[in-house]
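Participant: make a model of this:
(one chain, ligands or ions: 1)
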Amino acid sequence: MSSTPSGGGSNEPAAVELRGITKRFPGVVANHDIDITVAPGTVHAIVGENGAGKSTLMKTLYGMHRPDEGTIHIRGQEVRFHSPSDAIRHGIGMVHQHFMLADNLTVLENVVLGAERRHGIGRKARARIQELSAQYGLGVDPDRLMEDLGVGDRQRVEILKVLYRGARTIILDEPTAVLVPQEVDELFDNLRVLKREGLTVIFISHKLDEVLSVADDITVIRRGTTVATADPRTTTARQLATLMVGGELPVPELRESTVTDKVVLALAGVTLLSAEGRPVVDDVTLDIREGEIVGIAGVEGNGQSELIEAIMGMRRASSGTITLEEHDITHWSTLRIREAGVGYIPEDRHRHGVLLDSPLWENRVLGHQTRAPSVNGPWINRPGARADSERIVAEYDVRTPNIDVVADALSGGNQQKFIIGREMSGNPRFLVAAHPTRGVDVGAQSAIWEQLREARAAGLAVLLISADLDELIGMSDTLHVILRGRLVAEADPTSVTPEQLGSAMTGAGLDGAGAHTEGDSGAEGTHSNESEDGA
Ligand SMILES: Nc1ncnc2c1ncn2[C@@H]1O[C@H](COP(=O)(O)OP(=O)(O)OP(=O)(O)O)[C@@H](O)[C@H]1O
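Facilitator: Model prediction:
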């Protein structure tokens, strides 16, 4: 399975060559003697379990970290980067997982922001954007307002932004985590064009089948070091999983139903208005029963975040009621809702999940500051919180030197495992799980799915939001599609395919698959002032 990177075997120097890269953090060797050669004009995937050292390596290549040992060569020339601007000067660009675009600005303004010196901010800049968009088949219109664009288009703007700055090698950090299947296909088409035009792409991903479909070369990192290079033409997803974590490829599935008649959470006609008075959650009625996982599929930005915030008491519904068992919680505070037995795995773990600068054990207390074992009456119970943090670290396989390191020192996937451990503790009655396995490796994915299955069997009611459609289909007892704030269709999770679900999410309807349209007919076309192209 070991091979030399592809790329024609010409004498052309490697686009990027990392030799003997070692990067240490206090108590951790994040990268140890890593060698990677990326051939020009190829797509090179980096895979590995959570905490394997992928992000650290990419941050080093992008000038955000300085390696303790080792060298970086760009097209044959040794470089030393002190900051991302050095990396950009050498043609390295990076698209982060969280897009860094301003909604209230146009595409043009977003692209030129910080790079005004290249082509100014006017006609020349617009022409350059149009030229790049045409050359790389990105279909980006410089005059569109950012907030009118969907996720796939935003990602293309991010790619164009780095091309505009002269990138010849583009690093993408888990680019497909936020995309529906159709958008993934489009992105991969874009990557193929970039490649054809001689650019090089390095991307990090946990989705092994996608890696196999688009990459020319794969480097597997395990515990900080390169353990293999794999040829996607001769490697299976199962073999890759084995190389990464030494385990099997997990499948999200629920097996037998545990749904009871007892409704745990009920939403009745819940509507939320935006500041402009437009409904962002529109008359949502939904019951979630004991032992049931209810999934909601939707393209990001269709009201799912606001719905969660309403349930968690972070936003107020304009009308409708939310009932948790026998309590009307519509106007309760977040703290009170949590105390009543609601767990919350947030969408954005950095905003709502962890305090990055606080040690792990203090993060155990976060959101649980009125309950055992973190507290004892009015006092923080330090030994209790510490002991429970140790339990979570062991039970959820959180890779960390100890519980005194700050959360920021953990890899993204390990932060996520810690949050899940914390939110599942204290036996919640109801759990809001937003993208529970986002950014976690295949080994941890299977552990999280197992935790959810066990909790469901014990009677937990779950609201599941996920951009991973396989997860949503496999783990839901009941599955709804949300579009512009409305539940527009219900799909049968035992027969619907990710492609069918994906097209329902974009408003193209849910053909076959035992689905039916919810509410009044033609719900999909009712809010015409929204983001569709009209093309
Ligand atoms: N700023 C930091 N300070 C201390 N330790 C760090 C820091 N950044 C990363 N680490 C540690 O380095 C190791 C590698 O982390 P890294 O984020 O590179 O992993 P990863 O492969 O990207 O993981 P994931 O798939 O979870 O994102 C981990 O043990 C992590 O805890």
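Participant: need the pLDDT of residue 250.
Facilitator: With respect to pLDDT, residue 250 scores 64.
Participant: next one: residue 368
Facilitator: Per the predicted model, pLDDT is 74 at residue 368.
Participant: dihedrals phi and psi, it?
Facilitator: Dihedral angles of residue 368 (phi, psi; degrees, to the nearest 10) stand at phi -130, psi 30.
Participant: residues of the stretch 401-535 of the chain that sit close to the ligand?
Facilitator: Residues of the stretch 401-535 of the chain lying near the ligand by CB under 6 Å from any ligand atom: 408-414, 439, 441. From N, CA and C alone the C-beta is placed, and that goes for glycine too.
Participant: out of those, which are buried?
Facilitator: Neighbour-count burial (16 or more other CB atoms under 10 Å) applied to these gives 409-414, 439, 441.
Participant: thinking again about what came up before, in helices only, show me the residues of the stretch 401-535 of the chain next to the ligand.
Facilitator: The helices, defined by DSSP state H, take in 412-414 from those.
Participant: how about these in JSON lines, adding pLDDT?
Facilitator: Output for those, formatted as JSON lines (pLDDT from 0 to 100):
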{"residue": "412", "pLDDT": "83"}
{"residue": "413", "pLDDT": "85"}
{"residue": "414", "pLDDT": "89"}
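Participant: would you map the helices across the stretch 1-150 of the chain?
Facilitator: 54-61, 84-89, 107-112, 116-119, 123-135 (DSSP state H, counting those that start in this stretch).
Participant: ok, the closest residue in space to residue 407 that isn't next to it in sequence - contacts?
Facilitator: Distance criterion CB to CB, 6 or more residues apart in numbering; nearest residue to residue 407, sequence neighbours excluded, is residue 354 at 4.3 Å. By CB atoms under 8 Å, 6 or more residues apart in numbering, the contact set of residue 354 is 363, 366, 407, 415, 418-419.
Participant: buried among those? Make that a ChimeraX selection.
Facilitator: The ChimeraX command for the buried members of the contacts of residue 354 (criterion: 16+ other CB under 10 Å) is given here:
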select :363,366,407,415,418,419
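Participant: and the contacts of residue 354, which two are furthest apart?
Facilitator: Maximum pairwise distance in the contacts of residue 354, criterion CB to CB, is 12.0 Å, between 366 and 415.
Participant: the closest residue to residue 260 other than its chain neighbours and residue 211: what is the separation?
Facilitator: Among residues not flanking residue 260 along the chain, residue 290 sits closest, at 4.4 Å (CB to CB, 6+ apart). Per CB to CB, to the nearest Å, residue 290 is found 39 Å from residue 211.
Participant: same question, residue 166
Facilitator: From residue 166 over to residue 211 the distance is 27 Å, taken as CB to CB.
Participant: ok, back up a step: what about residue 290 and residue 211, which has more around it?
Facilitator: Set residue 290 next to residue 211 and count neighbours by other CB atoms under 10 Å: residue 211 wins out with 23 against 19.
Participant: give the helix, strand or coil label for that one.
Facilitator: Classification of residue 211 by DSSP: H, G, I helix; E, B strand; the rest coil places it in helix.
Participant: who are the contact partners of residue 327?
Facilitator: Taking CB under 8 Å, 6+ apart, we find residue 327 in contact with residue 340.
Participant: report the beta-bridge partners for it.
Facilitator: Assessed by DSSP bridges, residue 327 has beta-bridge partners residue 324.
Participant: and the pLDDT for it?
Facilitator: Here, the pLDDT recorded for residue 327 equals 95.
Participant: and it, how far is that from the ligand?
Facilitator: According to CB to the nearest ligand atom, to the nearest Å, residue 327 and the ligand sit 37 Å apart.
Participant: from residue 264, how far off is that residue?
Facilitator: Distance from residue 327 to residue 264, by CB to CB: 11 Å.
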